[in-house]
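K.L.:
After the sequence you'll find the predicted model.
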Amino acid sequence: MRTRRSALSFTSEIGRTGITLVVGLVATPFLLDWLGEARFGAHRTAVDWVGYLILLELGIGGALLPMLARAFGGKDAGEVRATLVAGTRALGRVTLVALAVGGALAFFITRLIPVGDTLAGDLRWGFVLGVAGLLFLPFSPLRILQEARQRGYVVNTLLLVQSLLITGLALLFAWKGWGITGQFAAALIGGIPFFMALAWMAKRAYPGVLRSLFTDRADASASRSLRRLSPPAFVLNLCGRVSVMTDNIVVAFFLGPAIVVPFFITQRLAALFQGQLQSLGNSSWAGLAELHVQGQRNVFNERVIDLTRIIAVLGMAGLIPIVVYNEHFVRLWVGSARYAGDAVTLLAALNAYLLAIVSLWGWCFNGTGHIRELVPASVVATVINLTASLALVEPLGMAGPLLGTTLGFVAVSVWYIPVLMHRVFGTNALRLARTVVLPLIVGLPYSAGIRWLALAQGQPGWIELALSMLAAAMLFVLLCWFLILNGSERRLHMEQIQAVFRR
């Protein structure tokens, strides 16, 4: 059942990303045309600044993950209800603080995102609407509830509907000339049905739980657990955002908001595929946490190694075609003038590969309550990342912040976290490293061959491009199936595939 639900969640994530990709391909040129590059880049950067305000939830969401996983693993409905009440009450209090800070930040946003006087008012009012979206924050435990129940496929379906609604409204408001304010208004309106649906599902699964969120007193034991787990979860959230989500901010501040457009466009394919890779961890963390709660340590470690191998192979299979064909993709999509260069493409793909793997390993700690052990490595990696990004942005341009992210991963995360997993969970660190390195070894000469074929191919159209990328990805998976997996591993994966589709 755990395998089926994880597979359903992952499959639904693939479907959501695929549909989002197609819709984005169609919508982005219109948004660029109707908004202009300065407004488009300023909006993307302002979204990242609003994301920093979410950090003021102080790690409560991260603390709820292992608490709800433990409650479901123990099949304790009372503990689930008490955890939801404690989390919602705590988030309600910090939301008031986040709204106040966001309101104050609105006065300085035009200095943080340097735009001309003609865009200053539009940016400021749009940012205010973005801050208003923090009103949804107290209801975020309802999403964690569904994910902890291993219903990630339901969440993905709702996210798809939300994405389509927001995109449609964004296009309408951009066409009407509502600028940055209209883009934030689209996101605010589009979030309402999503949380209404989550509330309805929570009510069906736990009758009376919505009323309890507002009427019951927070359980003392659940509140103590939140206070114990929240600080390290906050540090990890902060490190994750600084490490991955500050690149647009750095580029906009040093190089100008308009430069964010090619920077964002060039990374778009790699970022979307990175989301799919990370969805494997998102889809599996609840099942891994359940194994840990039930004391099935050996099974837990085997699943971690299997998932790491799957992410590594699929990651290289998808990212190699992106590196080779991304320039053609951008040319067909929005024009060659908005391509930021091969260095940006290569670094974005490498960071996507490393982030997806490190993210899976991080779920092992977050979902089982061992959050504190991960903090020192995350802090050191983040300091290296931010320092290098700020130092390299001017001499290297758009590639500088991406190289800073790579250095943070390589200097700390990719070698220290496996050692830490061996210490905490007993995971075989050498096997874990082998699952990451072998696809890279196969992928390097393979990518050179695909690059040679692409150069001989010339400039493909959309259909030829899609078929070439798909063929390159499938051939790499086939190579790894025979070159990397042994007989027992192939049989295991075949059994897992058959179990998913047996019904």
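P.N.:
Here it is on my side, so go on.
K.L.:
my guess is residue 461 meets residue 332, correct?
P.N.:
Yes. Using C-beta atoms under 8 Å, residue 461 makes contact with residue 332 at a distance of 7.3 Å. All C-beta spots, glycine's among them, are computed from the backbone N, C-alpha and C.
K.L.:
Which residue of those two possesses the greater neighbour count?
P.N.:
Using other C-beta atoms under 10 Å, the more surrounded residue of residue 461 and residue 332 is residue 332, with 15 against 9.
K.L.:
isn't that one right next to residue 462, touching?
P.N.:
Yes. The pair residue 332 / residue 462 is scored as a contact, 5.9 Å apart, by C-beta under 8 Å.
K.L.:
Residue 224: neighbour count?
P.N.:
Neighbour count for residue 224, taken as other C-beta under 10 Å: 11.
K.L.:
swap that for residue 298, please
P.N.:
Residues lying near residue 298 (other C-beta under 10 Å) number 9.
K.L.:
Packing partners of the host helix or strand of it?
P.N.:
With secondary structure defined by DSSP states H and E, residue 298 is part of helix 297-333. The criterion is 3 or more C-beta pairs under 8 Å, 6 or more residues apart in numbering; DSSP states H and E, and the helices and strands that helix 297-333 contacts are helix 2-35, helix 260-293, helix 342-368, helix 414-425, helix 429-457, helix 462-483, helix 487-501.
K.L.:
now residue 38: how far from residue 125?
P.N.:
Distance, residue 38 to residue 125, by C-beta to C-beta, to the nearest Å: 16 Å.
K.L.:
Apologies, that question was intended for residue 233.
P.N.:
The gap separating residue 233 from residue 125 is 33 Å, by C-beta to C-beta.
K.L.:
more neighbours, these two?
P.N.:
residue 233 (25 against 16).
K.L.:
mind listing what's buried in the helix or strand that contains the more buried one?
P.N.:
Assigned by DSSP H and E, residue 233 falls within helix 220-244. Of all the residues in helix 220-244, those buried under the rule 16 or more other C-beta atoms under 10 Å are 222-223, 225-226, 229-230, 232-244.
K.L.:
repeat for stretch 420-431
P.N.:
Of the residues in stretch 420-431, those buried (16+ other C-beta under 10 Å) are 420, 421, 422, 425, 427, 429, 431.
K.L.:
Low-confidence ranges, the stretch 151-300 of the chain, go.
P.N.:
Across the stretch 151-300 of the chain, the ranges flagged by pLDDT under 70 are 281-283, 285-286.
K.L.:
Count the residues that sit near residue 328.
P.N.:
Residues near residue 328, counting by other C-beta under 10 Å, number 22.
K.L.:
Sorry, wrong one. I was asking about residue 335.
P.N.:
Neighbour count of residue 335, defined by other C-beta under 10 Å: 12.
K.L.:
got the phi/psi numbers for it?
P.N.:
The phi and psi values for residue 335, taken as degrees, to the nearest 10, are phi 100, psi 150.
K.L.:
What separation is there between it and residue 35?
P.N.:
The spacing between residue 335 and residue 35, counted by C-beta to C-beta, is 16 Å.
K.L.:
Let me know the closest of the buried residues of stretch 420-431 to residue 263.
P.N.:
Minimum distance to residue 263 across the buried residues of stretch 420-431 is 32.8 Å, recorded for residue 420 (C-beta to C-beta).
K.L.:
thought the closest one was touching residue 377?
P.N.:
Yes. Here residue 420 reaches residue 377: they are 6.7 Å apart, a contact under C-beta under 8 Å.
K.L.:
Not counting its neighbours along the chain, what's nearest the residue nearest the centre of the chain?
P.N.:
For the chain, the residue nearest the mean C-alpha position is residue 275 (5.2 Å; C-alpha atoms, centre = their mean). In space, residue 275 comes closest to residue 17 once its chain neighbours are excluded; the distance is 6.0 Å by C-beta to C-beta, 6 or more residues apart in numbering.
K.L.:
Quick check: the one you found touching residue 276?
P.N.:
Yes. Residue 17 lies in contact with residue 276 (C-beta under 8 Å); the separation is 5.1 Å.
K.L.:
can you give me the offset of stretch 484-497 from its chain's centre?
P.N.:
On the basis of C-alpha atoms, centre = their mean, to the nearest Å, stretch 484-497 sits 28 Å off its chain's mean C-alpha point.
K.L.:
which parts of that stretch are buried?
P.N.:
Residues of stretch 484-497 classed as buried by neighbour count (16+ other C-beta under 10 Å): 484, 485.
K.L.:
How about stretch 377-393?
P.N.:
By 16+ other C-beta under 10 Å, the buried positions in stretch 377-393 come out as 377-386, 388-390, 392-393.
K.L.:
if we can go back for a sec, what's the spacing between the residue nearest to residue 275 and residue 30?
P.N.:
The value you get for residue 17 to residue 30, if C-beta to C-beta is used, is 21 Å.
K.L.:
what's the answer for residue 251, then?
P.N.:
To residue 30, residue 251 is 23 Å away according to C-beta to C-beta.
K.L.:
more neighbours, the two?
P.N.:
residue 251 (27 against 13).
K.L.:
Contacts for the particular helix or strand that has that one in it, please.
P.N.:
For residue 251, the element it lies in under DSSP H and E is helix 247-255. Helix 247-255 is contacted by residues 41-42, 44-45, 48-49, 112-114, 259-260, 263-264, 389-390, 393-394, 397-398, 400-402, 405 when judged by C-beta atoms under 8 Å, 6 or more residues apart in numbering.
K.L.:
Distance from the chain centre to that helix, please.
P.N.:
Centre-to-centre, helix 247-255 and its host chain are 20 Å apart (C-alpha atoms, centre = their mean).
K.L.:
which stretches of the protein have low pLDDT?
P.N.:
1-7, 9-10, 72-76, 281-283, 285-286, 493, 495-503.
K.L.:
For stretch 228-242, list the C-alpha coordinates in PDB.
P.N.:
Taking C-alpha atoms only, stretch 228-242 is exported to PDB below (Å, rounded to 0.1, in the frame of the first residue of the first chain):
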ATOM      1  CA  ARG A 228      11.200  21.400  20.700                       C
ATOM      2  CA  LEU A 229      11.200  20.700  16.900                       C
ATOM      3  CA  SER A 230      10.400  24.200  15.600                       C
ATOM      4  CA  PRO A 231      13.800  25.900  16.100                       C
ATOM      5  CA  PRO A 232      15.800  23.400  14.100                       C
ATOM      6  CA  ALA A 233      13.100  23.200  11.500                       C
ATOM      7  CA  PHE A 234      13.200  27.000  11.200                       C
ATOM      8  CA  VAL A 235      17.000  26.900  10.700                       C
ATOM      9  CA  LEU A 236      16.700  24.300   8.000                       C
ATOM     10  CA  ASN A 237      13.900  26.300   6.200                       C
ATOM     11  CA  LEU A 238      16.000  29.400   6.300                       C
ATOM     12  CA  CYS A 239      19.100  27.600   5.000                       C
ATOM     13  CA  GLY A 240      17.000  26.000   2.200                       C
ATOM     14  CA  ARG A 241      15.600  29.300   1.100                       C
ATOM     15  CA  VAL A 242      18.900  31.200   1.200                       C
END
